[in-house]
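A.B. asks: Pasting the sequence and the predicted model now:
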Amino acid sequence: MRKLKYIAATLIVMVLFQGCGAYSFTGTNISPDTKTFQVNFFQNQSPRIFPGADQTFTNQLQDLILNQTNLSLSTSGGDIVYEGEIVQDYVSPNTATSNITAAQNRLTIAINMRFYDTKDPTQDLEQRFSFFFDYPASSSENTIRDQALDVIFERITQDMFNATLARW
């Protein structure tokens, strides 16, 4: 009976250690021979151009990858490369009042991204990502723009990271 307990305990420990194999605490799925990444400038090609939005987005994507991985930022020749453009930036009424006026507006931004993995070209990806920010119609878009861009870009960069490096 005692021998059976040892065998059962050994099996349980083996199963637990098997499940703890190559796990990354950030959830990334990056090849061990991938050392560098490159983020090319995401130019604003939307009909509405707000100065600095393209640079802000490019910097936020670089910062996210630097903070979530052990990859080094490269200006050229990166093992993985992100590029793309801001393709949509518009405001639309989201909810209405009884007077048929907007009570809330929605700022939506869409970004087309291309991802290249020079070590594993089967992981290459081109995808469009978008997100929105709702704000009261009584507020001016200019007063909420910085806050809105932070929220929108944080979500889009995280979605890009998940689609390319975490592969969710």
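C.D. replies: Here it is on my side, so go on.

A.B. asks: Which residue, other than its chain neighbours, is closest to Q45?
C.D. replies: Distances taken as C-beta to C-beta, 6 or more residues apart in numbering put E85 closest to Q45, at 4.6 Å, once the chain neighbours are dropped. (Glycine included, C-beta is placed from N, CA and C.)

A.B. asks: so that neighbour makes contact with I49?
C.D. replies: No. The pair E85 / I49 is not scored as a contact, 11.7 Å apart, by C-beta atoms under 8 Å.

A.B. asks: So if I had to pick from those two, which one is more boxed in?
C.D. replies: Under the criterion of other C-beta atoms under 10 Å, the comparison of E85 against I49 puts E85 first, with 18 against 12.

A.B. asks: quick one on the thing from earlier: how far does the helix or strand hosting the residue nearest to Q45 sit from the chain's center?
C.D. replies: For E85, the host element (DSSP states H and E) is strand 80-96. Distance, stretch centre to chain centre, for strand 80-96: 14 Å (C-alpha atoms, centre = their mean, to the nearest Å).

A.B. asks: got the CA coordinates for that strand in PDB?
C.D. replies: C-alpha atoms of strand 80-96 as PDB (Å, rounded to 0.1, in the frame of the first residue of the first chain):
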ATOM      1  CA  ILE A  80      10.900  40.900 -36.400                       C
ATOM      2  CA  VAL A  81       9.500  44.000 -38.000                       C
ATOM      3  CA  TYR A  82       6.300  46.000 -37.500                       C
ATOM      4  CA  GLU A  83       5.100  48.500 -40.100                       C
ATOM      5  CA  GLY A  84       1.900  50.000 -41.100                       C
ATOM      6  CA  GLU A  85      -0.200  53.200 -41.100                       C
ATOM      7  CA  ILE A  86      -3.100  54.900 -39.400                       C
ATOM      8  CA  VAL A  87      -5.900  54.500 -41.900                       C
ATOM      9  CA  GLN A  88      -9.000  55.700 -40.100                       C
ATOM     10  CA  ASP A  89      -9.700  58.400 -37.600                       C
ATOM     11  CA  TYR A  90     -13.300  59.600 -37.300                       C
ATOM     12  CA  VAL A  91     -15.900  60.800 -34.800                       C
ATOM     13  CA  SER A  92     -19.500  59.600 -34.900                       C
ATOM     14  CA  PRO A  93     -22.500  60.200 -32.700                       C
ATOM     15  CA  ASN A  94     -23.000  57.300 -30.300                       C
ATOM     16  CA  THR A  95     -26.100  58.000 -28.300                       C
ATOM     17  CA  ALA A  96     -28.900  60.600 -28.800                       C
END
